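**Q** task: produce atomic coordinates for the following.
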Amino acid sequence: MFRRTGWLWWVVGLLSVLPPAFAIHRPSNNTVTLSTAAGHAGDVRVVTVSLANSDTLAGLQFNIRYAPNNLKATAVTPLSRLSSFDTTFNDTRGMVIILSLGSLLLPGSGPIFTITYRVANPAVSARTPMIFDLVVVADKRAHTVRSFGVNGVFDILPPVSIIAHPKGQPANLLASALSPATGDLYRFGLSIPFSTARIDRLAFYKTLTDLSVSDLSRFELYEDIGGDGVADGSAIPATATMIGDSLIFSGLNLSLGSPAPQYYQVRGTVRLPRLGVQMALNLGGRGLSGTFVTTDYTEPIKQSAGQIAGALHTVEHNAVGDVNGDFRLNVTDVVRVVRVIIGTAQIEGDIRTFDVDANGRVDVSDVVTMIQRILF
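**A** Model prediction:
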């Protein structure tokens, strides 16, 4: 991996054999700093290395120690200050060597290169120190000069897991309720394996059948303490908006802590605007996403953090009746009767084609139900 050039081996050999007492020729201030970074298992992240140097430099060598089971360096990319330098690295030893190919590194400060790291998958969630085991810088005469290393940290973030609610999804809100119907639409839980996090945004995926966004309103998020299926307290302060196929709660301030999971419920109002073969709202069927904030970082909750069953609320034929015996509710006939009652249609055909009781009377409960659904 290292280039076998005479200049490289001469500088590296010189830096390796000179003891510190001979390596320092005058007071200097050359400080190398590692930035902090964070990511989940499988993520690719970039760490920036900066240098504040009071000397004119021709070569640098760094050995950076970190947990090899969690991180792997895949690339070192020189930045503008090192545009005329040659850079090589060895991930096994955590070594980066930078040598001048012409121009020297003049005194100054700022980023000099980046290191791209891939987080193992799976990886242990932990704060991973990134430590300079060795920092050696050489001037244009190949003399080592005083240098210091400021260590960094790579946080392998704990995943926020989306888990099923112990009571499952709520009952079908639209099965028998009159329009508009208000109630529980979706239940879910969130957990974090250690530490704490704050959720500031959640997005729930939704699909609609024969309904429109204008038929949905008053979405609210409630905490369900203990996961008993009962919303507790007042609605959690948030702004609910619908964008595309998502219902988004923003401006949240949900605090998660380990080890116990926390459960929540989404409540809302659904208006059934018309008759239809089927109307349906499926909430959370493709999961949910969002962002969580730790002490230092804002990171996404990934949709892959957990797939739990969505909540399906549906109504067939937009009608319910209470016909007994051999009588069946015929939606088309009831609609005809309602239209006759409100004066928008004439009776056509044999009255026996309508749903009637044993005395030849239209079932009032069915008619009332249909009027409510048509008008409201």
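
**Q** for residue 57, list the residues it contacts.
**A** Residues in contact with residue 57 (Cβ atoms under 8 Å, 6 or more residues apart in numbering) are 30, 100, 104, 105, 137, 138, 139, 140, 145. (Each C-beta comes from the backbone N, C-alpha and C, glycine too.)

**Q** would you turn these into JSON lines with distance to residue 115?
**A** Formatted as JSON lines, the contacts of residue 57 follow (distance: Cβ to Cβ, whole Å):
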{"residue": "30", "distance to residue 115": "19"}
{"residue": "100", "distance to residue 115": "20"}
{"residue": "104", "distance to residue 115": "23"}
{"residue": "105", "distance to residue 115": "18"}
{"residue": "137", "distance to residue 115": "17"}
{"residue": "138", "distance to residue 115": "21"}
{"residue": "139", "distance to residue 115": "24"}
{"residue": "140", "distance to residue 115": "26"}
{"residue": "145", "distance to residue 115": "23"}
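
**Q** and those residues, which are buried?
**A** 30, 100, 105, 137, 138, 139, 145 (16 or more other Cβ atoms under 10 Å).

**Q** rewinding a little: flag whichever of the contacts of residue 57 scores worst on pLDDT.
**A** For those, the minimum pLDDT belongs to residue 100; the value there is 83.

**Q** how about the nearest residue to that one, chain neighbours excluded?
**A** Spatial nearest neighbour of residue 100, excluding adjacent residues (Cβ to Cβ, 6 or more residues apart in numbering): residue 58 at 4.4 Å.

**Q** same question, residue 95
**A** residue 63 (5.2 Å).

**Q** read off the pLDDT value for the one you found.
**A** Looking at residue 63, its pLDDT reads 91.

**Q** got the contact list for the nearest residue to residue 71 once chain neighbours are set aside?
**A** Using Cβ to Cβ, 6+ apart and skipping residues adjacent in sequence, the residue nearest residue 71 is residue 117, 4.8 Å away. Residues counted as contacts of residue 117 (Cβ under 8 Å, 6+ apart) are 37, 39, 44, 45, 46, 47, 71, 72, 73, 74, 154.

**Q** now do the contacts for the fourth one.
**A** Applying Cβ under 8 Å, 6+ apart, one finds that residue 45 lies in contact with 37, 38, 39, 116, 117, 119, 154.

**Q** so what pairs up with the fourth one in the strands?
**A** If I follow you right, that is residue 116. residue 46, residue 75 (DSSP bridges).

**Q** how close does residue 174 get to residue 212?
**A** 15 Å (Cβ to Cβ, to the nearest Å).

**Q** now do the strands in the stretch 151-300 of the chain.
**A** Assigned strands in the stretch 151-300 of the chain, in chain order: 152-156, 161-163, 181-191, 196-209, 216-223, 239-243, 246-257, 262-270, 278-293, 298-301 (criterion: DSSP state E, counting those that start in this stretch).

**Q** the helix or strand hosting residue 32 pairs with which strands, and in what direction?
**A** According to DSSP states H and E, residue 32 maps onto strand 30-34. With DSSP bridges as the test, strand 30-34 is paired with strand 44-53 (antiparallel), strand 148-150 (parallel).

**Q** now do the SS call for the closest residue to residue 101 other than its chain neighbours.
**A** Closest residue to residue 101 apart from its sequence neighbours, by Cβ to Cβ, 6+ apart: residue 86 at 5.2 Å. Three-state assignment for residue 86 (DSSP: H, G, I helix; E, B strand; the rest coil): strand.

**Q** so in terms of bridging, what pairs with residue 86?
**A** residue 99.

**Q** also the one 4 residues further on?
**A** Residues found in beta-bridge contact with residue 90 (criterion: DSSP bridges) are residue 95.
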